[in-house]
Each structure stands twice: as C-alpha cells, then as structure tokens.
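Asker: I'll drop the sequence and a predicted model, then ask my questions.
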Amino acid sequence: MDYATAAAAGHADGPVRLTIRDILALDLVATWGPEVVAGAANLDRPVRWLHVADPPTAPVARLRDEPELQAFIERELGPLFEHQQLLEVLRTYLRTGRNKSLAAQAHHVSRPAFYRRLRSIEALLGIDLEDWDQLTSLYVAILAYEAQRIR
C-alpha cells in the first residue's frame, strides 16, 4: 500500500512506502523539503518507509512548547535567524545527507557559491560542519524549529 492509499483509507497505524510521486501528489514538498524531489528522474522511486501517524518531526513536535527546547534552538541556530537564507542552506545541506552538489542544485547556485555559504554558516555558528556531534545537534534544532513554525 502506498502513502496516498493509506492516507485516503485512514490507516495511521503502520508503515507505508512513500515515493516522490506521493510527495508531489499529497503536497508534502514543504514537509519533506524541495531538495528531496530536486532532480528526481524516477517519480516512483521509493524515498523511505514512513509511519503515517508519525511524520519525521513528530518526536520533536511533541516537545515544542518546552522552554528548554526553545533555549536549545536559540543556542544552536540563533545567529542564523538574522540570515534566513543561510538557515535554509543548512537545512537543505542536512536534508540531502550532506550532498553538497544536490544541495547547491536545490538552491540554484554553483557548488563554489554553496561552499562559501557553508563556510559562512560555520563562521556564524562557530562550528565545524564535518563534526557529526555538531551536525546531529543542528539537525535536531532545525527539526524543533520547524515543529514550532508549523503550529
């Protein structure tokens, strides 16, 4: 059963296959990000299995009103709030699995321009984007930030 069929039938209790075509048909591009569908040659390519009841941000979304979570978001992403374009670059970079070519393509910029933006992010945040612990923390902060914006 695909996502569209499961969603239409109201099945929210099991995993279903999600394809690029499903993302487009169900207008989930905003949820999954345009970089997921950028350059997709095969619309029926499975993206991942998804539990219908739990979108990717569900665990973080349950905590969105916690003051500690807001403090965490501010600590991790604060300097980027004044540079929304760089926040989007970071989001895309992480959502594409750190694939710089795909992320640059999603932003319609050259790879060297994209690399400059990544260096700007590193400088603003005082981090190293090659450090997995820092990347994980940033990704969780982005999920939390998005969960708060969805309300």
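Answerer: Yep, it's here. Residues are numbered from 1 along each chain as shown.
Asker: show me which helix runs longest in the chain.
Answerer: helix 132-150 (DSSP state H).
Asker: now that helix: buried residues?
Answerer: Neighbour counts using 16 or more other C-beta atoms under 10 Å place 134-135, 137-148 of helix 132-150 among the buried residues. The C-beta positions use only the backbone N, C-alpha and C, and glycine is treated the same way.
Asker: go through those and name the one nearest Arg117.
Answerer: Leu138 (14.6 Å; C-beta to C-beta).
Asker: rewinding a little: possible to save the buried residues of helix 132-150 as JSON lines with distance to Glu66?
Answerer: Compiled in JSON lines, these are given as follows (distance: C-beta to C-beta, whole Å):
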{"residue": "Gln134", "distance to Glu66": "22"}
{"residue": "Leu135", "distance to Glu66": "22"}
{"residue": "Ser137", "distance to Glu66": "16"}
{"residue": "Leu138", "distance to Glu66": "19"}
{"residue": "Tyr139", "distance to Glu66": "18"}
{"residue": "Val140", "distance to Glu66": "13"}
{"residue": "Ala141", "distance to Glu66": "13"}
{"residue": "Ile142", "distance to Glu66": "17"}
{"residue": "Leu143", "distance to Glu66": "14"}
{"residue": "Ala144", "distance to Glu66": "9"}
{"residue": "Tyr145", "distance to Glu66": "13"}
{"residue": "Glu146", "distance to Glu66": "15"}
{"residue": "Ala147", "distance to Glu66": "11"}
{"residue": "Gln148", "distance to Glu66": "10"}
